[in-house]
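Visitor: below is the sequence, then the predicted model.
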Amino acid sequence: MQVRGGRIRGLDLHLERLHSASKELFGQALPDERIRGYLRTALDTGPADLSLTATVYSPAGEFTASGTDGEPEVLIRTGPAASGPQGPLTLATVEYERVLPAVKHVGEVAKTYFLRQAVAQGFDDAAFLDRRGRLSEATIWNLAFWDGTAVVWPQAEMLTGITMSILRRQLERLGVPQRVQEITLGDLPALAGAVVMNSWTPGVAVHQIGDVPLPEAPSFLELLHRAYQNEPLTLP
């Protein structure tokens, strides 16, 4: 998550995702207030603006059946504040489906591998196609598209990012139309823009996916950034 002025956007969403993923992987979850206490400790010793990652893990380690026996532990890591690349970006496409796609987990070597492969091919990053040819997500990004009047979210198995969830609720409050649909490479020429988003940024323009060009849609970008700014920053 990105911390600004010691405060965090979408903290409720971060805690909810950490809770549900912990239940999925470890059969139990730590109390939110304990997690918030760890966050406060980390923020008290760092600058007002920073990047922060909270990882829940089993002290039993990997490759053991006893990972759900003991209480999970938490690792908090901080680093410099980030805001992502300027863009616009080009994305190579690769057929890939993440293991446990709805869970944010650390077993993600493929993301780094496909990013490096894409850069070696002259692209900026990579987007994933599932076995049905549907666009799902990018290496460390969610995808969003624009049809000229509505935000279009891809329908596929993926990780629902926190920034994505922030935007969905803020766009709803702004009265901006949104829909979820299957999107293939063949659907892209009919769309009016595309972006990637993650904890760094609510939107970086994408002007090519595979060999399909896309318009940059500055009004779409402005809308996403405005919706994101409407999300309040809160103390942990």
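Guide: Received it, and whenever you're ready, just let me know what you need.
Visitor: wait, what's in contact with the spatially closest residue to residue 236 that is not a sequence neighbour?
Guide: Distances taken as CB to CB, 6 or more residues apart in numbering place residue 39 nearest to residue 236, at 4.0 Å, with adjacent residues excluded. The way it works is simple: take the backbone N, C-alpha and C, and place the C-beta from them, glycine included. When contacts are counted by CB atoms under 8 Å, 6 or more residues apart in numbering, residue 39 touches 8, 52, 54, 76, 236.
Visitor: assign a three-state SS to residue 39, would you?
Guide: Secondary structure assignment for residue 39 (DSSP: H, G, I helix; E, B strand; the rest coil): helix.
Visitor: what of residue 165?
Guide: helix.
Visitor: does it really touch residue 11, like I thought?
Guide: No - using CB atoms under 8 Å, residue 165 is not in contact with residue 11, being 11.9 Å away.
Visitor: pop the domain breakdown of this structure in here.
Guide: Following automatic domain parsing, one finds the domains of the chain at 2-79, 89-229.
Visitor: reformat these as CSV; add mean pLDDT.
Guide: Below are the domains of the chain laid out as CSV (pLDDT from 0 to 100):
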stretch, mean pLDDT
domain 2-79, 93
domain 89-229, 97
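Visitor: please identify the deepest-packed of the ones you listed.
Guide: Greatest average neighbour count among those goes to domain 89-229 (a mean of 18), per mean count of other CB atoms under 10 Å.
Visitor: check the offset of it from the chain's centre.
Guide: Domain 89-229 sits 9 Å away from the centroid of its parent chain (CA atoms, centre = their mean, to the nearest Å).
Visitor: and it, how far apart are its ends?
Guide: 23 Å (CA to CA, to the nearest Å).
Visitor: how near is the closest residue to residue 76 other than its chain neighbours to residue 17?
Guide: Leaving aside its sequence neighbours, residue 76 sits nearest to residue 42 (CB to CB, 6+ apart; 4.6 Å). Residue 42 sits 18 Å away from residue 17, going by CB to CB, to the nearest Å.
Visitor: residue 227 too?
Guide: According to CB to CB, residue 227 and residue 17 sit 20 Å apart.
Visitor: residue 134 too?
Guide: Taking CB to CB, one finds residue 134 at 23 Å from residue 17.
Visitor: strands along this protein, start to end?
Guide: Counting by DSSP state E, the chain has strands at residues 2-4, 7-9, 50-57, 73-79, 89-95, 125-129, 135-138, 142-146, 151-154, 178-181, 193-198, 201-209, 212-213, 233-234.
Visitor: any chance of those in CSV, plus distance to residue 27?
Guide: Listed next are the strands of the chain as CSV, based on distance: least, CB to CB, whole Å:
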stretch, distance to residue 27
strand 2-4, 30
strand 7-9, 27
strand 50-57, 12
strand 73-79, 15
strand 89-95, 32
strand 125-129, 29
strand 135-138, 27
strand 142-146, 28
strand 151-154, 31
strand 178-181, 30
strand 193-198, 28
strand 201-209, 34
strand 212-213, 43
strand 233-234, 29
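Visitor: of those, which is nearest residue 107?
Guide: Among the strands of the chain, the nearest to residue 107 by CB to CB is strand 50-57 (11.8 Å).
Visitor: that closest one vs strand 73-79, what angle?
Guide: 160 degrees (axes from the mean of the first three to the mean of the last three CA atoms, to 10 degrees).
Visitor: now do strand 50-57: everything it contacts.
Guide: Here strand 50-57 has contacts from 1-3, 8, 14, 18, 21-22, 25-26, 29-30, 35, 38-39, 42-43, 72-82, 106, 199, using CB under 8 Å, 6+ apart.
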